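**Q** need a 3D model of the sequence below.
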Amino acid sequence: RQCQPCPTQGASCEGLDHFQPLVRGSVWGLEEWGNTQSRRLQRCPAGFVAVRNGSEAAMDQCWRCPPGTYSLQAAVFPHTMAAPVVAAALRLCRDCDVNADCSGGASVEA
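**A** Alright, predicted model coming up:
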């Protein structure tokens, strides 16, 4: 089997047996294509969007909704709050209501 590079924006990797997601609560699964094996992003916690390009496992990552936006639901690839590039993923974050304060992520205060 051939392993793929570590998704440097989504996890830290040390050797073959250590894989540590950078975002607490994110879920990664082991996927195989022929003789190639890699960890792929499956889910990000509320407040994040999933960035996952079909052919670029090394680019998988959870991206926090920026200030002025929010997300109260988990991002689940490929169905909810997921896109292949960061710019498209961030458009999935909801705009903060006029009378609310949103510092980004899942934070919304009236």
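**Q** L30 and Q37 touch, don't they?
**A** Yes. Counting by C-beta atoms under 8 Å, L30 does reach Q37; the two are 6.4 Å apart. All C-beta spots, glycine's among them, are computed from the backbone N, C-alpha and C.
**Q** contacting residues around the residue of the chain positioned farthest from its centre?
**A** Most distant from the centre of the chain: N99, at 28.4 Å, with distances by C-alpha atoms, centre = their mean. N99 sits next to A110 when contact means C-beta atoms under 8 Å, 6 or more residues apart in numbering.
**Q** where's it, which helix or strand?
**A** Using DSSP states H and E, N99 maps to neither a helix nor a strand.
**Q** for the biggest strand by length in the chain, give me every contacting residue.
**A** For the chain, the strand with the greatest residue count under DSSP state E is strand 36-44. Under the criterion C-beta under 8 Å, 6+ apart, residues 1-4, 7, 10-11, 19, 23, 25-31, 50-52, 57, 60-63, 74-77, 81 lie in contact with strand 36-44.
**Q** L30 and Q37: which has the busier surroundings?
**A** Q37 (14 against 9; other C-beta atoms under 10 Å).
**Q** quick one: the strands in this structure?
**A** Using DSSP E, strands in the chain cover 2-3, 11-14, 18-21, 27-33, 36-44, 48-51, 61-64, 69-70, 75-76, 82-83, 94-95, 101-104, 107-109.
**Q** rebuild those as CSV, extending it with mean pLDDT.
**A** What follows is those, written out as CSV (pLDDT from 0 to 100):
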stretch, mean pLDDT
strand 2-3, 62
strand 11-14, 85
strand 18-21, 87
strand 27-33, 87
strand 36-44, 89
strand 48-51, 96
strand 61-64, 96
strand 69-70, 96
strand 75-76, 96
strand 82-83, 93
strand 94-95, 96
strand 101-104, 96
strand 107-109, 94
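**Q** which one of those strands is the most hemmed in?
**A** Among those, ranked by average contacts under mean count of other C-beta atoms under 10 Å, first place goes to strand 48-51 (a mean of 26).
**Q** which strands and helices lie in contact with it?
**A** When contacts are defined as 3 or more C-beta pairs under 8 Å, 6 or more residues apart in numbering; DSSP states H and E, strand 48-51 sits against strand 36-44, strand 61-64, strand 75-76, strand 82-83, helix 86-90.
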